[in-house]
Structure formats: C-alpha cells, structure tokens
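Student: The following comprises the amino acid sequence and a computationally predicted model.
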Amino acid sequence: MFNIQAMLDAYFSFQEHTLILLLPFCQFNKDLDDVTSLIGDDWTAKFSRIFKPHQNPEVMRHFEKLRKIKELRNKYAHGGFNKKKKSLYVHVQGVGAIPAELPQKNDKKMRYTILSIHNIDFSDICKIIDEFE
C-alpha cells in the first residue's frame, strides 16, 4: 500500500512537470496562452492539452487507465478520503488521526476499514504505467 502511494505521488508529479515542459511542442502560443494558469491546471487538463486523448482511441485507452490510478493517489494524498465514499478520521490515543471508510448502504461484506486496499494491486498499477510509457 505505501509503495503504491509513494510511487503514484512521484510518477504523477513527474508527469505533470513533463507535460508543462512539452507545451512548446504542442501548439503553445506564449502571447495567447497563460502558462501560469496551465501550470495550475489539474493533471487531466494538462494530459488532455498535450496528448488530446479524445482524438486518439489508443491514447484514450491509456488516459482512462491512468485516470483510475490517479484517483488512488488523490484518495490517499487526501488522508484516505474518497469523493463518493463515507470517510472520517478515527482518533486513536497515542497514534493520532487515522482515515477510516464507512461501508456503502447496501455493502454487507464490509463493516469499516482503516485503509481500503482490497482492490489495489501494485503489479497492475505498474503494468498500466509501463504500457503508457
């Protein structure tokens, strides 16, 4: 789990920097485009600007897979909080605040979890990144 977090943080941070450095090669007009605004855009906007996935089915396939693993990074970078799940912090004396996730309304299998790692496979994530690279 923690290897995944470190890897995704490093990979997407590096990729965002690379996407900005590719701007001069992708119809960037220094007089019309605001580089500061582009730098502040999220990964999806930067990736779309450079690779135009909506114009290329193969790039779109990679884009969709990368976006899924990017959401894993976002979830754990924000303390284990997922946009669509019920999340909260459990305060454990002597340890601190630990992110927890409550089950969905009809999920009878899961009562709660501290770190939801049941659907994360490190080798699958590596394969997605390697295929895109």
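Tutor: Now that the structure is in, tell me what you want to look at. Numbering: from 1, shown residues only.
Student: The closest residue in space to Cys126 that isn't next to it in sequence: how many residues sit nearby?
Tutor: Nearest residue to Cys126, sequence neighbours excluded (C-beta to C-beta, 6 or more residues apart in numbering): Met7, at 7.8 Å. Every C-beta, even on glycine, is put in place using the N, C-alpha and C of the backbone. Using other C-beta atoms under 10 Å, Met7 has 16 other residues around it.
Student: Please apply the same query to Phe25.
Tutor: Residues lying near Phe25 (other C-beta under 10 Å) number 8.
Student: could you say what helices and strands the host helix or strand of the residue nearest to Cys126 packs with?
Tutor: Assigned by DSSP states H and E, Met7 belongs to helix 2-21. When contacts are defined as 3 or more C-beta pairs under 8 Å, 6 or more residues apart in numbering; DSSP states H and E, helix 2-21 packs onto helix 35-40, helix 43-51, helix 57-77, helix 122-132.
Student: tell me the angle it makes with helix 122-132.
Tutor: Using axes from the mean of the first three to the mean of the last three C-alpha atoms, to 10 degrees, the direction of helix 2-21 lies 20 degrees away from that of helix 122-132.
Student: CA atoms only for stretch 28-37 - export them in PDB, please.
Tutor: Only the C-alpha atoms of stretch 28-37 are listed here, as PDB (Å, rounded to 0.1, in the frame of the first residue of the first chain):
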ATOM      1  CA  PHE A  28       1.500  26.700 -27.300                       C
ATOM      2  CA  ASN A  29       1.400  30.400 -28.000                       C
ATOM      3  CA  LYS A  30       3.300  32.400 -25.400                       C
ATOM      4  CA  ASP A  31       1.300  35.500 -26.400                       C
ATOM      5  CA  LEU A  32      -2.100  34.000 -26.100                       C
ATOM      6  CA  ASP A  33      -1.700  31.100 -23.600                       C
ATOM      7  CA  ASP A  34      -1.300  31.800 -19.900                       C
ATOM      8  CA  VAL A  35       1.500  29.400 -18.700                       C
ATOM      9  CA  THR A  36       0.700  30.200 -15.000                       C
ATOM     10  CA  SER A  37      -2.900  29.100 -15.500                       C
END
